[in-house]
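**Q** just coords:
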């Protein structure tokens, strides 16, 4: 069910959205490039060929938001594809496809928070006496000005019903103004002696908060917390989009 797909349109879209007269510029990006599963037969004598099958209980979440002191823009969807939000002060792009995904946030206005989140989860069945080794190729990147606050975070988690579980994550460090890294996430689940039902989750998250002349860190921290840092355990909700100006 998982496909190999690299995502490259987000940087292009956001780059074209930044005007020449921008006050500040920065970007944060998290990407899961490819995903693979390797099956290992833990008991060759049982005559069972190792297999994993995904059922229809798949959930998908994509969210983008851009916030200033006076207005906010948000959009949300629960289907595969690309979700784009580009406005005067910043922009965000989330792409979620089967087995690959990316989140990117970019701000070119002072005192602006841009936020992007993507997640997907799949239920699966694993044959008896089988180990499933999950591997994801991932990348993080940050470009920010002094005083900006940026987040780039991604991960995958899995569990077998009444059995083992794993969580593998990668976070960009808080201090460098410029950062880029590629890595591999790994996790293993075993079915035991009978057919096992499991759940697999993948998520990406990126945000960039530009420095304000008179910062109010407490209010921004509350907003970031409200956006939901638990993307890995989010459940699919009804699609909605909204814009408000106050």
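**A** Structure received. Since this is a predicted model, take the numbers as computed values, not measurements. Numbering: from 1, shown residues only.

**Q** Figure out the helix or strand that residue 162 lives in.
**A** Assigned by DSSP states H and E, residue 162 belongs to no helix or strand.

**Q** tell me which residues form a beta bridge with residue 77?
**A** On the basis of DSSP bridges, residue 77 takes part in beta bridges with residue 62.

**Q** Please list all residues in contact with it.
**A** Contacts for residue 77 (Cβ atoms under 8 Å, 6 or more residues apart in numbering) come out as 60-62, 83, 239. To be clear about C-beta, it is placed using only N, CA and C from the backbone, and glycine gets the same treatment.

**Q** How about residue 143?
**A** 25-28, 177-178.

**Q** Out of those residues, which end up buried?
**A** With neighbours counted using 16 or more other Cβ atoms under 10 Å, those contain these buried positions: 25-28.

**Q** export the residues you listed to JSON lines and tack on distance to residue 195, pLDDT and secondary structure?
**A** What follows is these, written out as JSON lines (distance: Cβ to Cβ, whole Å; pLDDT from 0 to 100; DSSP: H, G, I helix; E, B strand; the rest coil):
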{"residue": "25", "distance to residue 195": "53", "pLDDT": "70", "secondary structure": "coil"}
{"residue": "26", "distance to residue 195": "49", "pLDDT": "87", "secondary structure": "strand"}
{"residue": "27", "distance to residue 195": "45", "pLDDT": "93", "secondary structure": "strand"}
{"residue": "28", "distance to residue 195": "42", "pLDDT": "95", "secondary structure": "strand"}
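
**Q** Of these, which is the nearest to residue 164?
**A** residue 28 (32.7 Å; Cβ to Cβ).

**Q** and residue 202, how far is that from residue 59?
**A** Distance, residue 202 to residue 59, by Cβ to Cβ, to the nearest Å: 11 Å.

**Q** hang on, the earlier thing: who wins for most neighbours among the contacts of residue 77?
**A** residue 62 (26 neighbours; other Cβ atoms under 10 Å).

**Q** Give the bridge partners for the closest residue to residue 191 other than its chain neighbours, please.
**A** Counting by Cβ to Cβ, 6 or more residues apart in numbering, residue 191 lies nearest to residue 126, which is 4.2 Å off, once chain neighbours are set aside. Per DSSP bridges, residues listed as beta-bridge partners of residue 126: residue 52, residue 196.

**Q** Okay, residue 126 and residue 43: tell me how far apart.
**A** 13 Å.

**Q** hang on, the earlier thing: want to try a markdown table for the contacts of residue 143, with distance to residue 104 as columns?
**A** Output for these, formatted as a markdown table (distance: Cβ to Cβ, whole Å):
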| residue | distance to residue 104 |
| --- | --- |
| 25 | 13 |
| 26 | 11 |
| 27 | 7 |
| 28 | 7 |
| 177 | 17 |
| 178 | 16 |
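
**Q** if we take those, which one ends up nearest to residue 136?
**A** Of all the contacts of residue 143, residue 28 has the smallest distance to residue 136: 19.2 Å, by Cβ to Cβ.
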